[in-house]
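S.K.: Output the structure for:
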Amino acid sequence: MMLKRYLSYLLILLALMACRKEPLQEMSFHGESLILFYTIGHNNGLSGSIAQNLNEILEGELPSIESAEKVVLFLQHSDNSAPCLMRLGIDHNGKNISRIISLEEMNGWNTSSVSSSTDTLAHVLNYISRQYQARHNYLVFSSHGSGWLPAGVYEPSEKYTFIENTFGQDLQSGNKVYEMGIRLLARQLPMHFDAILFDACLMGGVEVAYELKDKCNYIGFSPTEIMSHGMYYQTMCGHLLKQDVISVAKDYMHYYRNRSGSRCGCYTIVDCSQLEVLAQACKPIFAAHQECLANIPYDQVQGYFRDNKHWYYDLQDVIANIGVDEFELESFNEALEKAVLFADHTDTFLGLKLERCCGLSTYLSIRGTFELDEYYQLYQWNIATGYVQ
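M.R.: Reported below is the predicted structural model:
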């Protein structure tokens with residue numbers, strides 16, 4: 001009798017323990033991977049290219065569209081349409097499809113949302129982070145870009161009013177051009193990413209990388225322009241689902257070396273955990289060679305720009321041209337090698353010779369203005385290194 005009562009108590013206890021475990025498992029559950037393609041092609045000439053990129057993703061490797069472990073999302077803002085968030089994946093028939101996600105519950109989202117606003121981006125990411133929790137998060141940005149520059153500098157115009165700066169580009173009514181400021185973007189990102197990849201021109205600056213270093217483990221970008229077709233998307237999801245960022249960059253370079261037409265490509269992958277080491281290596285060098293920086297023969301330094309858009313020079317080549325000694329150069333190169341995991345480029349980019357390229361661009365104050373210097377001094381890279389005095 002006592003044994004039967006004991007067994008009854010034991011069964012009740014096990015049932016209670018099971019009930020208590022179930023919600024704990026739900027609370028701690030995380031999927032494996034989340035990839036978000038955040039694209040801005042509204043009234044900026046990229047709508048067709050981004051639509052093509054979407055088709056290329058749908059030709060590649062994707063998880064099940066019902067998977068709770070692996071999720072691929074694509075936000076598309078095309079000409080004459082409101083932003084649309086889609087989930088991409090394989091249906092029960094084995095076909096790669098896209099499925100529109102209802103966004104009625106997302107705070108701050110409506111048909112007039114400007115996808116190139118950091119406020120809209122923050123709303124999107126907050127919504128996604130509530131719906132999908134993953135151990136590995138990837139963010140791929142696709143639009144126009146001009147690195148760290150203030151709004152309206154790269155393509156000045158009296159016709160348009162620029163709102164924020166310098167990534168993305170969305171022309172709204174009233175001739176207002178909305179863009180995302182890198183400093184504001186860094187403050188607005190509500191979550192940490194395994195990697196942030198830019199499919200946008202001229203984003204590959206040390207200033208951009210350092211500003212975003214606490215928001216991701218790795219950052220991928222090009223110090224040069226990027227051709228309108230953009231990155232190589234057929235294999236991108238497959239690589240990212242395996243946490244293989246380097247292969248994304250390798251496939252990009254393989255594609256542009258072998259494609260028909262203009263064979264122009266340049267891409268870099270940076271380990272953000274090593275950027276502080278790079279900053280500390282640069283700080284004493286910049287302090288000791290301020291006079292040389294102010295008189296550097298800029299026409300002898302490797303540039304990443306065309307058409308006299310002279311705000312992007314190779315960081316390593318800048319160091320090599322300011323009179324550093326052997327010890328200083330070795331210290332810098334060791335830090336650079338740790339920070340830059342991958343850097344590759346074709347021999348030329350639309351006529352621009354790429355001969356001495358480390359994969360990171362930087363500003364040269366001698367080629368700027370007092371106003372640009374003042375703006376540049378607000379960047380965390382400059383605060384950490386004292387580059388522009």
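S.K.: and this protein, what are its domains?
M.R.: Structural domains annotated on the chain: 30-272, 276-385, as defined by automatic domain parsing.
S.K.: can you give me the strands in the stretch 1-150 of the chain?
M.R.: Along the stretch 1-150 of the chain, counting by DSSP state E, counting those that start in this stretch, strands occupy 31-39, 70-76, 84-90, 96-100, 134-142.
S.K.: Nearest to S117 among those would be which one?
M.R.: Closest to S117 of the strands of the stretch 1-150 of the chain, according to C-beta to C-beta: strand 31-39, at 11.9 Å. For every residue, glycine as well, the C-beta is placed using N, CA and C.
S.K.: between that closest one and strand 134-142, how many degrees?
M.R.: Here strand 31-39 points in a direction 10 degrees away from that of strand 134-142 (axes from the mean of the first three to the mean of the last three C-alpha atoms, to 10 degrees).
S.K.: What pairs with strand 31-39, parallel or antiparallel?
M.R.: Applying DSSP bridges, strand 31-39 is found paired with strand 70-76 (parallel), strand 134-142 (parallel).
S.K.: what sits against Q389?
M.R.: For Q389, the contacting residues are Q290, by C-beta atoms under 8 Å, 6 or more residues apart in numbering.
S.K.: For it, give me the pLDDT.
M.R.: Looking at Q389, its pLDDT is 94.
S.K.: among the domains of the chain, which is the most enclosed?
M.R.: domain 30-272 (a mean of 19; mean count of other C-beta atoms under 10 Å).
S.K.: Tell me how far E337 lies from L46.
M.R.: Using C-beta to C-beta, to the nearest Å, one obtains 35 Å as the distance from E337 to L46.
S.K.: Okay, now stretch 139-156: how far is its last residue from its first?
M.R.: The first residue of stretch 139-156 is 29 Å away from its last residue (C-alpha to C-alpha, to the nearest Å).
S.K.: Report the mean per-residue pLDDT for it.
M.R.: For stretch 139-156, mean pLDDT rounds to 90.
S.K.: now swap in stretch 47-63 and tell me
M.R.: The predicted model gives stretch 47-63 an average pLDDT of 96.
S.K.: Send me that stretch as PDB with only the CA atoms.
M.R.: The C-alpha coordinates for stretch 47-63 follow below in PDB (Å, rounded to 0.1, in the frame of the first residue of the first chain):
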ATOM      1  CA  SER A  47      14.800  48.500 -58.700                       C
ATOM      2  CA  GLY A  48      15.400  46.200 -61.700                       C
ATOM      3  CA  SER A  49      18.800  45.000 -60.400                       C
ATOM      4  CA  ILE A  50      17.400  44.200 -57.000                       C
ATOM      5  CA  ALA A  51      14.500  42.200 -58.500                       C
ATOM      6  CA  GLN A  52      17.100  40.200 -60.500                       C
ATOM      7  CA  ASN A  53      19.000  39.600 -57.300                       C
ATOM      8  CA  LEU A  54      15.900  38.200 -55.700                       C
ATOM      9  CA  ASN A  55      15.400  35.800 -58.600                       C
ATOM     10  CA  GLU A  56      19.000  34.700 -58.200                       C
ATOM     11  CA  ILE A  57      18.500  33.900 -54.500                       C
ATOM     12  CA  LEU A  58      15.400  31.900 -55.400                       C
ATOM     13  CA  GLU A  59      17.600  29.900 -57.800                       C
ATOM     14  CA  GLY A  60      20.000  28.900 -55.000                       C
ATOM     15  CA  GLU A  61      20.100  26.900 -51.800                       C
ATOM     16  CA  LEU A  62      17.300  27.800 -49.300                       C
ATOM     17  CA  PRO A  63      15.800  26.100 -46.200                       C
END
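S.K.: Contacts for that stretch, please.
M.R.: Stretch 47-63 is touched from outside by 37, 39, 41, 69-72, 74, 76, 78-79, 88-90, 96-98, 142, 199, 228-238, 241, with contacts defined as C-beta under 8 Å, 6+ apart.
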